[in-house]
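Undergrad: coords please:
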Amino acid sequence: MFKFTRHSLVIRFLFFSGLILFWAFIAYLKIYPNYLLPSPLEVLKTINFGFFEGDYFIALGSSFRRVLVGYLMAVSIGLITGLGIARFKYLSDSIGACLTALQSIPSVAWVPLALLWFGISEAAVLFIVILEAFIPSALGVQNSINNIPVKLIQAGQSLGCSGYSLYKRVIIPAILPQLLSSLRLSWAFAWRALIAGELFVNGYGLGQTLELGRSLSDMSQVIAMIVIIAIVGYLTDNIFFKSLEKTLNYH
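TA: Below is the predicted model:
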């Protein structure tokens, strides 16, 4: 289990400080016009204005609502599908093979299909999020079950476990560590798919605010949104999911 140490925190601080200083230096040299490469201070001012006087909080809340709904639906469907394709070979040879092929398709490729089917609506964004997050969760469950040692299954069966009891007492506990890794991967896919979908629909959201900055040629807002999207994704992964990993490993 990876743990944050003072040494690792210092390295991260120095690395990101170096990146910001390099960015500030390039902006100071005026190699690119200010409207193409604003300084870190200008981006920070944009973020401050957006949260305290603009609608960044509304955009962040809307994006989180969409991604949570889509992610929870995707994981629920993915768990059931993963159990099915791991249990029945004909499902593995059909649905499992199809999911393996579909996982290589980037989320932005589904946008035209979603817009044609659902129009410029919330449903289009949810469709993209669910589809992108569902695939890694389903395949993760399948791979987790396939990696369970045969002797562990046989030991459970020799103790009288079968059917639902075997899944409850043996299979589900055995796959939890690898399953959590799949859920983290599904979240990353869901977050990226959300931003890709929001670029093309109306309303409030981080992706829509990013697109608004592009349409207004406001590079400070574009970079501000990229920074916020990256920070939210990083914090979610390193606070929520790693806390779950720590709790799971502790027990």
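Undergrad: residue ranges with poor pLDDT in the stretch 101-250 of the chain?
TA: The stretch 101-250 of the chain contains residues with pLDDT under 70 at 157, 161-164, 245-250.
Undergrad: tell me how many other residues surround A124.
TA: 22 (other Cβ atoms under 10 Å). Heads up, the C-betas are built off the backbone N, CA and C, glycines and all.
Undergrad: pretty sure it contacts F118?
TA: Yes: using Cβ atoms under 8 Å, A124 is in contact with F118, at 4.1 Å.
Undergrad: tell me the contacts of S92?
TA: Listed by Cβ atoms under 8 Å, 6 or more residues apart in numbering, the contact set of S92 reads 85-86, 142.
Undergrad: the nearest residue to I148 once chain neighbours are set aside: neighbouring residues, count only.
TA: Leaving aside its chain neighbours, I148 sits nearest to A174 (5.0 Å; criterion: Cβ to Cβ, 6 or more residues apart in numbering). The number of residues packed near A174 is 19, by other Cβ under 10 Å.
Undergrad: could you report the pLDDT at F2?
TA: pLDDT for F2: 45.
Undergrad: chain center to stretch 139-151, what's the gap?
TA: What separates the centre of stretch 139-151 from the centre of its chain is 23 Å, taken as Cα atoms, centre = their mean, to the nearest Å.
Undergrad: so for it, what gets flagged as buried?
TA: In terms of neighbour count (16 or more other Cβ atoms under 10 Å), stretch 139-151 has its buried residues at 139-142, 144-145, 148.
Undergrad: can you check stretch 198-215 too?
TA: Buried-residue list, stretch 198-215, by 16+ other Cβ under 10 Å: 198-201, 204-211, 213.
Undergrad: with stretch 112-120 instead?
TA: 114-115, 118.
Undergrad: can you check stretch 166-178 too?
TA: Using 16+ other Cβ under 10 Å as the burial criterion, the residues of stretch 166-178 that qualify are 166-167, 170-172, 174-175, 178.
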